[in-house]
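Peer 1: Would you be able to build a 3D model of this:
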Amino acid sequence: MHHDVIDLRGFYYSRALGRVVQRILRDRLQAAWPVGSTAGMTVAGYGFAVPLLRPYLGRARRVVALMPGEQGAIQWPVGLPNHSVLTEPGAWPIETGSIDRLVILHGLETSDHPAALLAEAWRVLGPGGRMVVMVPNRTGLWARSEGTPFGTGRSYSAGQLEKQARDAGFIAERSGAALYIPPSDRRFWLGSAQIWERAGARISSFLVAGVVLAEFTKQVRAPLPPGSKVLVPSPLGVLEGIARPAAIPGTSPPARRGP
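Peer 2: Got it, this is the predicted structure:
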């Protein structure tokens, strides 16, 4: 089951709960990637990451919002030149190794082929590039709430998310959680959301959080200079030190074959 871009836009920009979620997730992303640190970089988002990307428009060299075809796309940002593009999940119109920072929100959990999606993320990231993935927490209340986008698609535990990214070649750097308030529009929860986030971050409990998030890096081996020799262990050396099989008492040793 896939998201609809109109529903996503309505949740994040028209609903009070969605605006609170936007602020919480944006703060978590900026804690990992301060806006000033992205000067001269290319920042991209996949899925519906536009609620998190706007602060980077003024500092990053380029900001791109990739929206999957099954979800649909909207023009973004409003009032500025368009930065969004409709794309196939496994074939992004991005040059290989050209992305410095990539955030995936509402993309992995609804993907029909998550392994192919992460392989494409690996392709577009440059060496040392960083990726943050945010997905519904399997043990949280938000994954069971159909009134929010986090109730659509498959949910993840922290370990499942890290394993899937490692299988794609990424190295896990850090993991965490967010959205410690229930998925409710009541004023009490909305007004106290930041208090619950600070308390939840100290507890670091995945049992009540609505979102699991993790940061990964792409590390590749440095190319060898021209003329460098690669040392390969000799297969004969591997067998050195292994004794010949001893004869069992009372039996004759095996006959040796001719040359």
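Peer 1: Every contact and neighbour count from this point should use C-alpha atoms.
Peer 2: OK.
Peer 1: can you list the weak-confidence ranges in the stretch 151-259 of the chain?
Peer 2: 201-207, 221-259 (pLDDT under 70).
Peer 1: That one: helices as residue ranges?
Peer 2: Secondary structure of the stretch 151-259 of the chain by DSSP state H, counting those that start in this stretch: the helices cover 158-167, 187-191, 193-203, 235-239.
Peer 1: Those: which one's closest to residue 24?
Peer 2: Closest to residue 24 of the helices of the stretch 151-259 of the chain, according to C-alpha to C-alpha: helix 193-203, at 7.7 Å.
Peer 1: So in this structure, which strand runs the longest?
Peer 2: The strand spanning the most residues in the chain, taking DSSP state E as the definition, is strand 125-136.
Peer 1: surely residue 100 meets residue 45?
Peer 2: No - between residue 100 and residue 45 there is no contact under C-alpha atoms under 8 Å: 11.1 Å.
Peer 1: of the two, who's got more company?
Peer 2: Each of residue 100 and residue 45 has its neighbours counted (other C-alpha atoms under 10 Å); residue 45 has more, 25 against 20.
Peer 1: quick one: what helix or strand has the more buried one in it?
Peer 2: Taking DSSP states H and E as the criterion, residue 45 maps to strand 42-47.
Peer 1: Next SSE downstream of that strand?
Peer 2: helix 50-53.
Peer 1: List the neighbouring strands of the helix or strand following that next one plus their orientation.
Peer 2: Next helix or strand after helix 50-53 toward the C-terminus (DSSP H and E): strand 62-68. Paired strands of strand 62-68, with direction, are strand 42-47 (parallel), strand 84-87 (parallel) (DSSP bridges).
Peer 1: And strand 62-68, what's buried?
Peer 2: Neighbour counts over strand 62-68 (16 or more other C-alpha atoms under 10 Å) mark 62-68 as buried.
Peer 1: Extract the CA atoms of it and return them as PDB.
Peer 2: Once non-C-alpha atoms are left out, strand 62-68 reads as follows in PDB (Å, rounded to 0.1, in the frame of the first residue of the first chain):
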ATOM      1  CA  ARG A  62      21.400  22.100  -4.400                       C
ATOM      2  CA  VAL A  63      18.300  20.500  -2.800                       C
ATOM      3  CA  VAL A  64      16.300  17.900  -4.600                       C
ATOM      4  CA  ALA A  65      13.000  16.200  -3.500                       C
ATOM      5  CA  LEU A  66      12.500  12.800  -5.100                       C
ATOM      6  CA  MET A  67       8.900  11.600  -5.000                       C
ATOM      7  CA  PRO A  68       8.000   8.000  -6.100                       C
END
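Peer 1: Low-confidence stretches in the stretch 1-150 of the chain?
Peer 2: Along the stretch 1-150 of the chain, no part satisfies pLDDT under 70.
Peer 1: ok, 90 please
Peer 2: Along the stretch 1-150 of the chain, segments meeting pLDDT under 90 span 1-3, 58, 79, 89-90, 139-141, 144-147.
Peer 1: List the buried residues of stretch 84-102.
Peer 2: 84-87, 89-90, 92, 94, 98-102.
Peer 1: Same question for stretch 38-55.
Peer 2: For stretch 38-55, a neighbour-count test (16+ other C-alpha under 10 Å) marks 38-39, 41-53 as buried.
Peer 1: Just the endpoints, please. Distance across stretch 69-83?
Peer 2: Stretch 69-83 has an end-to-end distance of 16 Å (C-alpha to C-alpha, to the nearest Å).
Peer 1: same question, stretch 129-144
Peer 2: Stretch 129-144 has an end-to-end distance of 33 Å (C-alpha to C-alpha).
Peer 1: Other residues contacting stretch 36-51?
Peer 2: 5, 8, 12, 22, 26, 53, 56, 59-68, 71, 76, 98-108 (C-alpha atoms under 8 Å, 6 or more residues apart in numbering).
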